[in-house]
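1. based on what follows, work out the 3D shape:
(chains A and B)
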Amino acid sequence: MDKVKGIIKLIHSLVPDNKNIRIMNVCGSHEHTIAFSGMRSLMPENLEIIPGPGCPVCVCPESDIINAINLSKREDVILVTYGDMLRVPTQKGSIRTEGKNFRMITSPFEAINIAKSNTDRKIIFFSIGFETTTAPTAGILEMGVPENLFILSSHRLTPTIMEILVKDAEIGIDGFIAPGHVSAIVGTNAWNVFSEKYGIPTVVAGFEAGNLLLGILEILRQLKNGKAETSNVYKGVVKPEGNMQAQKLMDKYFEVANVNWRGIGYIPGSGLELREKYSWKDARIVFELEEVKETKIPGCICGTIVLGKAYPSACKLFRKACTPKTPKGPCMVSMEGSCNIWYKTL
Amino acid sequence: MCVGVPMQIVEINYPSGIVEAKGVKRGIGLQLLPEDQVKIGDHVIVHVGFAIEKVDKKQADEIWETLDEILRVMDEEEKDARGFNSAGHD
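-> Numbers count the residues shown, from 1 in each chain, chains lettered A, B, ... in the order given. Have a look, this model is predicted:
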């Protein structure tokens, strides 16, 4: 506790009185720790810790979810996906309310087991998320999957969206807390672009409050000294080069694609689709999926919140029409969504 | 979805393995780590059924401190969702 108090004292000493400093985290689990620990209330008033795009469910395109709903209505299909995806609202409802043949899984292995137990059905794994879930999907492809298992890939790349944020002057990021487990896959080297090209201190941190505070302190030290480096206070897990075997497998099965981020729009090179070589496993191709035009959820500012341009409390729906039990927008659904986290901690 | 759980390897049948944490055992994939770099007794971060990286014991214990809080929240959400799960959707 004394150590934590000491870090907080140092943080206060390093924040200049005459300047606002904005540090962004890009991981739902980081935001969870920050919000639940009450860390923001202990920070200097002019130090903002902004939740960024750390919630994969929040940015999954409406079009993919509607396609998933429609696929689940086919008698010859069982759609499988992670639990959070089932509740994400769209103009056509959610998978949970409008889907027919669907199952929740907690691991891609369960998709394999379901496929083996239902050889007369086509199993479509709606595979979403950042690098931490892409690598496991590449893992099952490497291990070999049943013929009747197909992948609907809606994977997104963390470094790419972070670079988009850096270029947006409206957000004004002074430092990044890089996501701990995404970093385990991509390595600290993946963040060098922010310190070297954009002059933004970037620190990989773990998920314990004290470790996150250390990360914030390191960013402030660099700002104070006029430096910008990539640092790592989660060394027990994250290496500079990352998990090279995981990277190799991801590269073997996936290729970079121009994809839509819900509420944000198309971002070049920000997603992963199956390589053409594996198109016979690609549900988009096998089931000839077409893009559904995205609709705006009236009043919802989830896209703006994901970009760090507004806090959940700025949304008119927050805590009123939109609650974890009655989510109007995707940010309220997942426990990694900023609105969901803030609802439980404010 | 992206919550990584530190678990200890108790059995290896590469590329599969069995890990344990808090008395719970679970089969996982070791495909994302080279075969010659994993051994029984190692602690690994498990994400959606795959070990994504090795972790030292001290760091694993620190992560669990945070996870206990997150899992408490998840349990509450699971209770809320239980009505749906028992509905028998295919």
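
2. how about the nearest residue to the residue of the stretch 201-346 of chain A found nearest chain B, chain neighbours excluded?
-> Among all residues of the stretch 201-346 of chain A, residue A:236 sits closest to chain B, at 3.0 Å; criterion: Cβ to the nearest Cβ. Using the backbone N, CA and C atoms, a C-beta is placed for each residue, glycine as well. Closest residue in space to residue A:236, ignoring its immediate chain neighbours: residue B:59 at 3.0 Å, by Cβ to Cβ, 6 or more residues apart in numbering or on different chains.

3. my guess is that neighbour meets residue A:237, correct?
-> Yes. The pair residue B:59 / residue A:237 is scored as a contact, 6.0 Å apart, by Cβ atoms under 8 Å.

4. so what sits against both of those two?
-> Residues touching both residue B:59 and residue A:237 (Cβ atoms under 8 Å, 6 or more residues apart in numbering or on different chains) are residue A:206.

5. neighbour count: the two, which is higher?
-> Taking other Cβ atoms under 10 Å in any protein chain shown, residue B:59 and residue A:237 do not tie; residue A:237 has more neighbours (26 against 21).

6. now that one. Its backbone dihedrals?
-> phi -130, psi -40 (degrees, to the nearest 10).

7. for it, what are its contacts?
-> A:180-181, A:184, A:206, B:45, B:53-55, B:59.

8. so which of these belong to strands?
-> B:45, B:53-55 (DSSP state E).

9. show me the contacts for the residue nearest to residue A:236.
-> Taking Cβ under 8 Å, 6+ apart, one finds A:206, A:234, A:236-237, B:6 in contact with residue B:59.

10. so what's residue 12 up against?
-> In the absence of a named chain, this looks at chain A. Residues in contact with residue A:12, defined by Cβ under 8 Å, 6+ apart, are residue A:44.

11. try chain B instead
-> Counting by Cβ under 8 Å, 6+ apart, the residues that residue B:12 touches are B:30, B:38-40.

12. what comes up buried for the longest helix that chain A contains?
-> Longest among the helix segments of chain A by residue count, using DSSP state H, is helix A:209-224. By neighbour count with 16 or more other Cβ atoms under 10 Å in any protein chain shown, helix A:209-224 contains the buried residues A:209-223.

13. show me where the stretch 151-300 of chain A has its helices.
-> Here the stretch 151-300 of chain A has its helices, by DSSP state H, counting those that start in this stretch, at A:158-167, A:180-186, A:192-196, A:209-224, A:244-253, A:283-286.

14. could the ones you listed go into CSV alongside distance to chain B and mean pLDDT?
-> Shown next, in CSV, are the helices of the stretch 151-300 of chain A (distance: least, Cβ to the nearest Cβ, whole Å; pLDDT from 0 to 100):
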stretch, distance to chain B, mean pLDDT
helix A:158-167, 10, 95
helix A:180-186, 4, 96
helix A:192-196, 19, 98
helix A:209-224, 7, 96
helix A:244-253, 4, 98
helix A:283-286, 18, 98
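
15. nearest to residue A:316, out of the ones you listed?
-> helix A:158-167 (24.1 Å; Cβ to Cβ).

16. could you dump that closest one to PDB, C-alpha only?
-> C-alpha atoms of helix A:158-167 as PDB (Å, rounded to 0.1, in the frame of the first residue of the first chain):
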ATOM      1  CA  THR A 158      -4.700  -3.200 -32.400                       C
ATOM      2  CA  PRO A 159      -1.600  -1.300 -33.700                       C
ATOM      3  CA  THR A 160      -3.400  -0.100 -36.700                       C
ATOM      4  CA  ILE A 161      -6.300   1.500 -34.900                       C
ATOM      5  CA  MET A 162      -3.900   3.100 -32.400                       C
ATOM      6  CA  GLU A 163      -2.100   4.800 -35.300                       C
ATOM      7  CA  ILE A 164      -5.400   6.100 -36.500                       C
ATOM      8  CA  LEU A 165      -6.000   7.600 -33.100                       C
ATOM      9  CA  VAL A 166      -2.600   9.200 -32.900                       C
ATOM     10  CA  LYS A 167      -3.300  11.000 -36.200                       C
END
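
17. which elements pack onto that helix?
-> helix A:180-186, helix A:192-196, strand A:265-274 (3 or more Cβ pairs under 8 Å, 6 or more residues apart in numbering or on different chains; DSSP states H and E).

18. can you put these in CSV and add mean neighbour count and distance to residue A:102?
-> Below are the helices and strands packed on helix A:158-167 laid out as CSV (neighbours: other Cβ atoms under 10 Å in any protein chain shown; distance: least, Cβ to Cβ, whole Å):
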stretch, mean neighbour count, distance to residue A:102
helix A:180-186, 28, 27
helix A:192-196, 18, 39
strand A:265-274, 18, 21
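
19. dump those into JSON lines; add distance to residue A:54 as well.
-> Formatted as JSON lines, the helices and strands packed on helix A:158-167 follow (distance: least, Cβ to Cβ, whole Å):
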{"stretch": "helix A:180-186", "distance to residue A:54": "9"}
{"stretch": "helix A:192-196", "distance to residue A:54": "16"}
{"stretch": "strand A:265-274", "distance to residue A:54": "15"}
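
20. which one of the helices of the stretch 151-300 of chain A lies closest to residue A:14?
-> Proximity to residue A:14, assessed across the helices of the stretch 151-300 of chain A by Cβ to Cβ, is greatest for helix A:209-224 (3.9 Å).

21. contacts for that closest one, please.
-> With contact meaning Cβ under 8 Å, 6+ apart, helix A:209-224 is reached by A:3-4, A:7-8, A:10-11, A:14-15, A:21, A:23, A:25, A:30, A:33-34, A:37, A:39, A:43, A:47, A:49, A:174-177, A:201-206, A:228-229, A:231, A:233-234, B:62, B:66.

22. among these, name the buried ones.
-> Buried by 16+ other Cβ under 10 Å: A:7-8, A:11, A:14-15, A:21, A:23, A:25, A:30, A:33-34, A:37, A:39, A:43, A:47, A:49, A:174-177, A:201-206, A:228-229, A:231, A:233-234, B:62, B:66, out of the contacts of helix A:209-224.
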